[in-house]
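K.L.:
got a predicted structure here, sequence first:
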Amino acid sequence: ITGSGIIAVEFAKIFRNLGSDVTLIIRDKIPRNALMKIGLDKDIASTLVADLVRSGIDIRKGTQVSYFDIPKAGDRTPISIGLEGRDGAPLSGSVPQEIKVDAYLAAVGRKPNTDNLNLVRAGIELDEFGGIMVDSSLATSAKARNVFAAGDVLGRPFLASTGVAQGIAAITAMFGTPEQDPSAALPCFGDNDSDGGSDGEDELCIDGNISQ
């Protein structure tokens, strides 16, 4: 597995717990620092790396993949992966230059897909990686302050939970916090179903009225 983020670590643990021998290839010479770059606390990052080592995961630090030798379809020959130092530097003589594996996962992240949105013309600023820049309320730099952004389009950490939280924050910033009215949106019970009640999937009670 190539990568030092949450996904790489998660899959390394999953496959190791399932009994596989796992090699984690990390470009950073200090795995803890790689995790801190994506927002993890220093102590949590250190504990996580220690757990990977205790699990028996082979961590190749300061290393990257240089080439692949993939067998033909149907051939069960292992995949050969060449290794080199970060930015193409040579590895020390005692470090294996090649490993053979049954499966390879590249969990090296991604970048926001904003190239074709013409955001600059709308006055929306991007960072060096193409991520939309926002303020604390998730508002972009559009002059009218009527464009908000949330999720992977902002850049790291590219986590679903983060995107959900950002989405909620953006909606709240746009429309405010709704009043907590318990009768505003509740499943209805009526006599329009054969059993005398609604399944609640396609009907809501809005101020006491049935709304399809």
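P.N.:
Great, that's in hand. Numbers count the residues shown, from 1 in each chain.
K.L.:
contact partners of the longest helix seen in the chain?
P.N.:
Longest helix in the chain, counting residues (DSSP state H): helix 160-175. With contacts defined as C-beta atoms under 8 Å, 6 or more residues apart in numbering, helix 160-175 is touched by 137, 138, 139, 148, 149, 150, 151, 152, 154. (Glycine included, C-beta is placed from N, CA and C.)
K.L.:
possible to save those residues as TSV with neighbour count and pLDDT?
P.N.:
As requested, the contacts of helix 160-175 are arranged in TSV below (neighbours: other C-beta atoms under 10 Å; pLDDT from 0 to 100):
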residue	neighbour count	pLDDT
137	12	92
138	22	93
139	17	94
148	20	95
149	21	94
150	20	94
151	19	91
152	18	89
154	21	91
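K.L.:
low-confidence ranges in this protein?
P.N.:
When residues are selected by pLDDT under 70, those of the chain lie in 178-212.
K.L.:
that one: helices as residue ranges?
P.N.:
Counting by DSSP H, the helices of the chain are 6-17, 31-37, 42-54, 160-175.
K.L.:
out of the ones you listed, deepest packed?
P.N.:
Most buried of those, by mean neighbour count (mean count of other C-beta atoms under 10 Å): helix 31-37, with a mean of 19.
K.L.:
just to revisit the earlier point, what about the contacts of helix 160-175, which are in strands?
P.N.:
Among these, none falls in strands (DSSP state E).
K.L.:
closest to residue 4 among the residues you listed?
P.N.:
Nearest to residue 4 among these is residue 152, at 18.2 Å by C-beta to C-beta.
K.L.:
what's the separation between that closest one and residue 27?
P.N.:
To residue 27, residue 152 is 22 Å away according to C-beta to C-beta, to the nearest Å.
K.L.:
quick one: closest of the helices of the chain to residue 63.
P.N.:
Shortest distance between residue 63 and these, using C-beta to C-beta, is found for helix 31-37: 11.1 Å.
K.L.:
and the closest one, what does it pack against?
P.N.:
helix 42-54 (3 or more C-beta pairs under 8 Å, 6 or more residues apart in numbering; DSSP states H and E).
K.L.:
give the buried residues for stretch 115-131.
P.N.:
Using 16 or more other C-beta atoms under 10 Å as the test for burial, stretch 115-131 gives 119, 124, 126, 131.
K.L.:
want to throw those residues into JSON lines with distance to residue 71?
P.N.:
What follows is those, written out as JSON lines (distance: C-beta to C-beta, whole Å):
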{"residue": "119", "distance to residue 71": "43"}
{"residue": "124", "distance to residue 71": "46"}
{"residue": "126", "distance to residue 71": "41"}
{"residue": "131", "distance to residue 71": "38"}
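K.L.:
pick the one among the residues you listed closest to residue 14.
P.N.:
Using C-beta to C-beta, the buried residues of stretch 115-131 come closest to residue 14 at residue 131, 28.3 Å.
K.L.:
just checking, residue 112 touches residue 149?
P.N.:
No. Contact criterion C-beta atoms under 8 Å: residue 112 and residue 149 do not qualify, at 9.3 Å.
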